[in-house]
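Novice: Sharing a model that was predicted from the sequence below.
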Amino acid sequence: MMNTRDLLKRLTAVPCVGGEEIIMMETLSEILAPYGNVSGDAVNNISCTFGDGFHILLDAHIDEVGLIVTSITDDGFLKVGACGGIDCRMLPGAEVTVLGKRKTDGIICTLPPHLIKSENENKAPRVSEISVDIGMDRKEAEKIITPGNKITFKRHFTELLGGRISANCLDNRAGVAAVILALEKLKKLPVKVTALFSTQEELGIRGAKSGPFGLNVDEAVAVDVSFGYTPDCRREECGELSKGPMIGISPILSRQISDTLISSAKNNNIPYQLEIMSGRTGTDADVISVSEKGIKCGLVSIPLKYMHSPVEVIDMKDVENTAMLIAAYVEERSGACFA
């Protein structure tokens, strides 16, 4: 059995800002090789397929939010744009890594509080106002960095109390880990499985639009993260860490799959929570469900605190319970299909 902590640490160590997902190919290929046929496509989706019969697609996106270099100023600072829904409130003072000809660490500039004008005290900077200090003049910077290079939050993997982990890209490496952890059990079932690790979700759910084409799957489950409760949140809009995966209920999701996920959790004593959505889910499920001739799709999410920040937090037990729920669901569906 793969160790959850070690798997998460390995997955979060790889910088994978939208558009740079090919960087993840080597790591995922090594992890997935024992399970089935691993392949990639033109938009760098990575998939692993094994088994025969009723075909279930499991999807988790691999990209993370970040920045892109737009220009280098005369005094050597980097100006940037957003890659995905970056939280500008978190940027001043953040440690980052520029993915140029070589990785270069930097700091996002921040004004000392003494110099902030009173009218700007409670304002978050716009992305266009952000600069990155890499400690170089323009001539030095241009030797290793060009506009178009991506910038990611500096890697960290911080173990907290109670089995919780903080890292800067648990959205959605936590979901990727859950799918991988489920594969060992799934290999033993009389069913065909494709694990799709899709790209550019943070840039408009792009990879999952093309990923299912030609696979001829019968149904799908997307695995992502969702909002974990903190005191400044509305409790009814959030799940809670340590209380299990969040099963999605939405008009765009298959009610049959949602109900089966719930019964699978109950039958196997897996803790779960419901996530009620009135329409679009903001996940890959939105496009998978209308791919090809239409694919029945469900959604399971892992509760996560501080989304799109450098300090995202999850409970490893929620990742493991999500993997158990995926395996239990596929087992129930394979039993029904082959009964």
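Specialist: Thanks, I have it.
Novice: ok, and for whatever helix or strand residue 132 lives in, which residues are buried?
Specialist: Residue 132 belongs to strand 131-133 when assigned by DSSP states H and E. By neighbour count with 16 or more other CB atoms under 10 Å, strand 131-133 contains the buried residues 131-132. Quick note: C-beta positions are derived from backbone N, CA and C, even for glycine.
Novice: What pairs with it, parallel or antiparallel?
Specialist: Sheet neighbours of strand 131-133, with direction, are listed as strand 78-83 (antiparallel), strand 103-108 (antiparallel) (DSSP bridges).
Novice: Quick check, residue 244 in contact with residue 269.
Specialist: No - look at residue 244 against residue 269 with CB atoms under 8 Å: they stay out of range, at 10.5 Å.
Novice: Of the two, give the one with the bigger neighbour count.
Specialist: Taking other CB atoms under 10 Å, residue 244 and residue 269 do not tie; residue 244 has more neighbours (24 against 8).
Novice: Enumerate every residue touching that one.
Specialist: Under the criterion of CB atoms under 8 Å, 6 or more residues apart in numbering, the contact list for residue 244 reads 265, 270-273, 318, 321-322, 325.
Novice: of all the strands paired with strand 131-133, which lies closest to residue 258?
Specialist: Each of the strands paired with strand 131-133 was checked against residue 258 via CB to CB, and the shortest separation belongs to strand 78-83, namely 31.8 Å.
Novice: Please point out which parts of that closest one sit buried.
Specialist: Buried-residue list, strand 78-83, by 16+ other CB under 10 Å: 78-80, 82-83.
Novice: With stretch 307-316 instead?
Specialist: Those buried within stretch 307-316 under the rule 16+ other CB under 10 Å are 307-310, 312-316.
Novice: What of stretch 157-176?
Specialist: Residues of stretch 157-176 classed as buried under the neighbour-count rule (16+ other CB under 10 Å) are 157, 163-176.
Novice: Ok, which of the strands paired with strand 131-133 comes nearest residue 295?
Specialist: Taking CB to CB as the measure, the strands paired with strand 131-133 were each checked against residue 295, and strand 78-83 came out nearest at 27.8 Å.
Novice: Measure how the helix or strand just after the closest one sits relative to strand 78-83, angle-wise.
Specialist: Following strand 78-83 in sequence order, the next helix or strand is strand 95-99 (DSSP H and E). Following axes from the mean of the first three to the mean of the last three CA atoms, to 10 degrees, one obtains 90 degrees for the angle between strand 95-99 and strand 78-83.
Novice: Okay, now the sheet partners of strand 95-99, with direction.
Specialist: In the sheet containing strand 95-99, the strands it pairs with under DSSP bridges are strand 103-108 (antiparallel), strand 150-153 (antiparallel).
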